[in-house]
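Colleague: any chance you could fold what I've pasted below:
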Amino acid sequence: MASNEPGTDAPPPPPDASSQIREAILLGVVGLVAVGGLLWWTAREPEPEASELRGATSAHPAGFTRADFVGDDACADCHPSIAVYHERNGHSRTFRPAADRALAQQLDGREVVDFERPGVTWSFLLEDDRFAVERRQGDRVDRLPIDYAFGSGYHATTFLSVLDDDPRDFTLREHRLTSYADGSVRITPGQGMDEPSPGTDALGRILTGEDAFDCIKCHVTLTSMTDPDTVDVHSMIPTVSCERCHGPGRAHVEAARRGDHPDDLAMPFGPGRYSANDQMLLCGACHRHPSQAPVAALRPGNSELARFQPVGLMQSACYIESNGALSCTTCHDAHDRPSRDASSYTATCLSCHKPSHPSQTPCPVSPSQDCTSCHMPRVDAGQGIRFADHWIRVRDDTEVEPPGDASRPH
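Modeller: So this is what the prediction gives:
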């Protein structure tokens, strides 16, 4: 696995790189989201489910090399507080060598019974900085290396093995067992015996080609330096780093170290340098965008939509009527974990729904507190994983549907 600290031999981008990178990111994201939407209408079943929404990868700005990426440590030199927030954010934890995760130590020596297959047990092993799992059934023992831990762990962590690291034939095994935030180790979504995904066998699920690429692309900064449509574990930049959203940072870092004027240091998607729609396209590339969804999936009460926050938010009257004032970062610090302090969200709601303001619409039930528990409740999207439903609305008890289909792959 390559380091996140590339070399310094490439020349920096031109001085106006910030605007070029921003345009490249947005154009790439718009194109990918549009293609995703087109595929919905031309290739999907008549009424596909929301969980089939496919995220796009971020754009790979043309004309840049891996040397133009500097890594999060370089950003932390001047942005230490943001770096601390980012380190605990799920983005920074979403794709790492499995042996480096504390979870590997926690699972070391643990044995799990496969409840779907009587007589089958799984045992996790951490030896000499190598993480593995053994499947036992009678006298047969299958030992599988675990190369990567996939997911922040705040909801769940799924394990991956690289079976072929050639970018032309990149092949993964998604392991049968997933570790959930509640401490349980259970079947990975999409691998249940009742309705297994294609490629599933007793050891997990084999992913090749586009499926393997789709599995990785939203969990890394760069899938490959040589071809943005492939995965190259030797040149990819793991996890969602600063440069996934802000673009390659070498020119910015070198300008800062020279003491250049602050106006010349601007990076894409900094404060005040994007519209709400730009942000929805950027975040929606992985958290999903309504343009990727079939109309049949965009219905109140569809519990699976809770997983796809921009999709729900953009259906909300609050978003539609805000004239661009409401976006993800209105409520969330993009660098930090989402707050669990309900009062902070109430304050945001009251900025537009003041009980004392005659031109605004206060809530008739609870005009000044606890807004989100009624209008954005946490919804079970499957496997007991709960997400805040971002389709802000007055809810009708008759619209509630069962939890999301946990048998589907993530």
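
Colleague: moving C-terminal from the helix or strand harbouring residue 319, which element do we reach first?
Modeller: For residue 319, the host element (DSSP states H and E) is helix 317-320. Per DSSP H and E, the first helix or strand lying C-terminal to helix 317-320 is helix 328-331.

Colleague: if you count neighbours, what's buried in that next one?
Modeller: Across helix 328-331, burial judged by 16 or more other Cβ atoms under 10 Å covers 328, 330, 331. The C-beta positions use only the backbone N, C-alpha and C, and glycine is treated the same way.

Colleague: and that helix, how far from the chain's centre?
Modeller: Mean C-alpha position of helix 328-331 versus that of the full chain (Cα atoms, centre = their mean, to the nearest Å) differs by 17 Å.

Colleague: repeat that for stretch 67-76.
Modeller: So, by Cα atoms, centre = their mean, the centroid of stretch 67-76 is 21 Å from its chain's centroid.

Colleague: how about the helices of the stretch 1-150 of the chain, start to end?
Modeller: With helices called from DSSP state H, counting those that start in this stretch, the stretch 1-150 of the chain shows them at 17-43, 72-76, 80-88, 102-107.

Colleague: which helices and strands sit right next to the shortest one?
Modeller: Here helix 72-76 touches helix 80-88, going by 3 or more Cβ pairs under 8 Å, 6 or more residues apart in numbering; DSSP states H and E.

Colleague: packing partners of the helix it packs on?
Modeller: helix 72-76.

Colleague: and for the helix it packs on, what are the contacting residues?
Modeller: 4, 5, 82, 83, 86, 92, 241, 242, 249, 253 (Cβ atoms under 8 Å, 6 or more residues apart in numbering).

Colleague: for residue 72, see how far away the last one is.
Modeller: With the distance defined as Cβ to Cβ, to the nearest Å, residue 253 ends up 11 Å from residue 72.

Colleague: so between these two, which is more surrounded?
Modeller: Per other Cβ atoms under 10 Å, whichever of residue 253 and residue 72 has more neighbours is residue 72, with 21 against 18.

Colleague: so who does residue 221 touch?
Modeller: Applying Cβ under 8 Å, 6+ apart, we find residue 221 in contact with 58, 69, 236, 237, 238, 239, 240, 241, 243, 244.

Colleague: A helix includes it, no?
Modeller: No. Judged by DSSP: H, G, I helix; E, B strand; the rest coil, residue 221 forms no part of a helix; its state is strand.

Colleague: that one and residue 237, how far apart?
Modeller: From residue 221 across to residue 237, the span is 4 Å (Cβ to Cβ).

Colleague: and for those two, which residues touch both?
Modeller: In contact with both residue 221 and residue 237: 69, 243, using Cβ under 8 Å, 6+ apart.

Colleague: quick check: buried residues in stretch 314-332?
Modeller: 314, 315, 316, 318, 319, 326, 327, 328, 330, 331, 332.

Colleague: for those, which one is nearest residue 370?
Modeller: Ranked by distance to residue 370 (Cβ to Cβ), these are led by residue 331 at 15.3 Å.

Colleague: name the nearest residue to that closest one, ignoring sequence neighbours.
Modeller: residue 348 (5.3 Å; Cβ to Cβ, 6 or more residues apart in numbering).

Colleague: contacts for the helix or strand hosting that neighbour, please.
Modeller: Element membership of residue 348, judged by DSSP H and E, is helix 342-350. Outside helix 342-350, the residues that touch it by Cβ under 8 Å, 6+ apart are 330, 331, 339, 368, 369, 370, 371, 372, 373, 375, 376.

Colleague: same thing but at 10 Å, please
Modeller: Contact with helix 342-350 is made by 318, 326, 330-332, 338-339, 341, 353, 356-357, 360, 362-363, 366-373, 375-376, 388, 392, as judged by Cβ atoms under 10 Å, 6 or more residues apart in numbering.

Colleague: let's see which of those residues end up in strands.
Modeller: Using DSSP state E to define strands, the subset of those located there is residue 388.

Colleague: before we move on, the earlier item: so which elements touch the helix holding residue 319?
Modeller: With contacts taken as 3 or more Cβ pairs under 10 Å, 6 or more residues apart in numbering; DSSP states H and E, helix 317-320 sits against helix 309-313.

Colleague: ok now the helix it packs on, how far from the chain's centre?
Modeller: Its chain's C-alpha centre and that of helix 309-313 lie 14 Å apart, by Cα atoms, centre = their mean.

Colleague: check which helices and strands it is in contact with.
Modeller: Packing contacts for helix 309-313, counted by 3+ Cβ pairs under 10 Å, 6+ apart, involve helix 276-287, helix 317-320, helix 328-331, strand 386-388.

Colleague: how about those in a markdown table, adding mean pLDDT and distance to residue 162?
Modeller: Conversion of those to a markdown table gives the following (pLDDT from 0 to 100; distance: least, Cβ to Cβ, whole Å):
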| stretch | mean pLDDT | distance to residue 162 |
| --- | --- | --- |
| helix 276-287 | 93 | 22 |
| helix 317-320 | 95 | 40 |
| helix 328-331 | 94 | 33 |
| strand 386-388 | 92 | 30 |
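
Colleague: reformat those as TSV; add distance to residue 118.
Modeller: Listed next are the helices and strands packed on helix 309-313 as TSV, based on distance: least, Cβ to Cβ, whole Å:
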stretch	distance to residue 118
helix 276-287	38
helix 317-320	50
helix 328-331	46
strand 386-388	31
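
Colleague: nearest to residue 167, of those?
Modeller: Closest among these, using Cβ to Cβ: helix 276-287, at 21.2 Å.
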